[in-house]
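[1] give me coordinates for this.
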Amino acid sequence: MGSQGAVASMWVRALAILACTRSLTGASTWWSLALSPVQRPEVYILGARPLCAQLSGLSPGQRKLCQLYQDHMVHIAEGARAALRECQHQFRTRRWNCSAVDGSSGVFGRLMHIGSRETAFMYAVSAAGVVHAVSRACREGDLATCGCSRAARPRALQRDWLWGGCGDNTEYGYRFAKEFVDAREREQSHPRGSAGHARALMNMHNNEAGRRWVYNQAEVACKCHGVSGSCSLRTCWLQLADFRAVGERLKDRYDGATAMRLGRRSRLELLNGRLNPPTADDLVHLDASPDFCTRNESTGSLGTVGRACNKTSAGMDGCELMCCGRGYDQFKSALVERCHCKFHWCCYVKCKRCTHMVDQFICK
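    Next up is the predicted model:
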C-alpha cells in the first residue's frame, strides 16, 4: 500500500509539472483555432460535447464569450488562419518565416514567450484577423447579433451619391475583437511591476494596434447606377481594406517596432529616451529577437538549415544572410510550367506543359 501511494504521489507530481510546463510554454492559446477546423454550432448535435468544450486554447473569459456567441467562433478561427497566412507571406524571405509548430509548445513554440518584435507582430496581426473576419461576417448576415454597418455618412461624399449599401460592420468587429482577444490579458492577475505585467501591457498595446489598422483602413466603396452604365447615380458603403494591405502596414510597423521597458509607474516607457514615443498604431517590444540562424529549443528558433535562398540577392533572402555565413548547396531541379497557351473559340484556353531545369540554393 505504501509503494502504491508513493507511485500515485509521483504521478500527481509529474502531472502537475507537465501542466505547469504547458502553461509556461503557451500551449493553450486561442491561436490554436487556426490549426484545427471549427464547425458551425448547429453541427453539434444534442448529447454531444458542446462546441466551446471542444475548442482548445480558450481562456476562461474567452470560453464564456464562446458560450454567449457560439456563431462567432467559426469566424474567429477564420481570422486566426488569415493572420497565420499573412504572417507567413510577410516573412517568407526572412530567417523567421512564421512557421507554425503544432505541438505541445504552442502554435509558434517557445518564441512567443520572448517579448520580441516577432511576437509583437503576431499579436497585432491575429487581433486584426478577428476584426476583419467578424466585420465581414456581420455584413454577410452570418451572425445573430450584428448586421450591416451603421457608420455615419462621410462628410466628403458627394451629395447626390446614396449612402446605405450593406457595408462591413467594422464598429462591431472592433468591439468584439477587443472583448475576445484581450480577455486573456485582462483576467490574468500579474503583480504590478512584474515581468508578467509588462508582457501583458505589451500584448494589449499590439492587439490594439492590429485592430486599429483594420478599422482605420476601411474605405468607401461605391456601385454605379444609371442608363448604359453612365454612373449618374452611385450607392456607397463602408468596405474593409484587403487583409494583405493590413499585413503590409503591420510589417512596416514591425520593421520600426519600438523597444520598451516597464517604468516606475508600472507603465511601458521608452528603452531609449531620445526616441519619439510610439503611437497607438505602432508595435512595441520588450526583448531582443533571437538571430534565428540555428535551431534552439529554448527560444523556439527553427534555424535556417534547409531553407531556400537567393544567390543574387543582397537582402535577407540572400544566401549570405539567410544561411548566416554557413554556405549553401546548389541543386538542379525540374520546373514544370504551363506554356504555349492558346485561346480556342469558344471558350477555353489550352496549354502545353514545358519542363526546364532551374538552379536551387539551399542553406547548409
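
[2] per-residue confidence for Arg150?
    What the model reports for Arg150 is a pLDDT of 87.

[3] that one belongs to a strand, doesn't it?
    No: using DSSP: H, G, I helix; E, B strand; the rest coil, the assignment for Arg150 is coil, not a strand.

[4] so how far is Asp168 from it?
    11 Å (CB to CB, to the nearest Å). For glycine as for every other residue, the C-beta is placed from the backbone atoms N, C-alpha and C.

[5] could you do Gln217 as well?
    If you measure Gln217 against Asp168 using CB to CB, the figure is 11 Å.

[6] these two: who's more crowded?
    The residue with more neighbours, out of Gln217 and Asp168, is Asp168; 27 against 17, by other CB atoms under 10 Å.

[7] can you pull the contacts of that one?
    Listed by CB atoms under 8 Å, 6 or more residues apart in numbering, the contact partners of Asp168 are 135-136, 138-139, 149, 218, 238-240.

[8] including secondary structure, could those residues go into JSON lines?
    Compiled in JSON lines, these are given as follows (three-state DSSP):
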{"residue": "Ser135", "secondary structure": "helix"}
{"residue": "Arg136", "secondary structure": "helix"}
{"residue": "Cys138", "secondary structure": "helix"}
{"residue": "Arg139", "secondary structure": "helix"}
{"residue": "Ser149", "secondary structure": "coil"}
{"residue": "Ala218", "secondary structure": "coil"}
{"residue": "Leu238", "secondary structure": "strand"}
{"residue": "Gln239", "secondary structure": "strand"}
{"residue": "Leu240", "secondary structure": "coil"}
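
[9] if I look at Gln217 and Asp168, which residues touch both of them?
    Between them, Gln217 and Asp168 have Leu240 as joint contacts when contacts are counted by CB under 8 Å, 6+ apart.

[10] show me the shaky parts of this structure.
    Low-confidence regions of the chain, defined here as pLDDT under 70, cover residues 1-28, 40-49, 101-106, 226-229.

[11] the residue lying closest to Gln39 once chain neighbours are set aside and Arg63, how far apart?
    In space, Gln39 comes closest to Val74 once its chain neighbours are excluded; the distance is 6.8 Å by CB to CB, 6 or more residues apart in numbering. Distance from Val74 to Arg63, counting by CB to CB: 16 Å.

[12] now for the residue nearest to Thr93 when sequence neighbours are not counted, how many residues are close by?
    The shortest distance from Thr93 to any residue other than its chain neighbours is 3.6 Å, reached at Asp317 (CB to CB, 6+ apart). Other residues within reach of Asp317 by the criterion other CB under 10 Å amount to 16.

[13] then Ile114?
    Applying other CB under 10 Å, I find that Ile114 has 20 neighbouring residues.

[14] is it in contact with Asp287, as I believe?
    Yes: counting by CB atoms under 8 Å, a contact exists between Ile114 and Asp287, whose distance comes to 5.0 Å.

[15] list residues touching both of these two?
    Residues touching both Ile114 and Asp287 (CB under 8 Å, 6+ apart): there are none.

[16] just give the nearest non-adjacent residue to Cys363, would you?
    The shortest distance from Cys363 to any residue that is not its chain neighbour, by CB to CB, 6+ apart, is 3.8 Å, and that residue is Cys323.

[17] from Arg307, how far off is that neighbour?
    In terms of CB to CB, Cys323 sits 8 Å off from Arg307.

[18] what does Leu68 give?
    The gap separating Leu68 from Arg307 is 44 Å, by CB to CB.

[19] surely Asn207 meets Phe180?
    No: using CB under 8 Å, Asn207 is not in contact with Phe180; the gap is 10.2 Å.

[20] thinking again about what came up before, now do the shared contacts for Cys323 and Arg307.
    Once CB under 8 Å, 6+ apart is applied, the residues that Cys323 and Arg307 both contact turn out to be Cys363.
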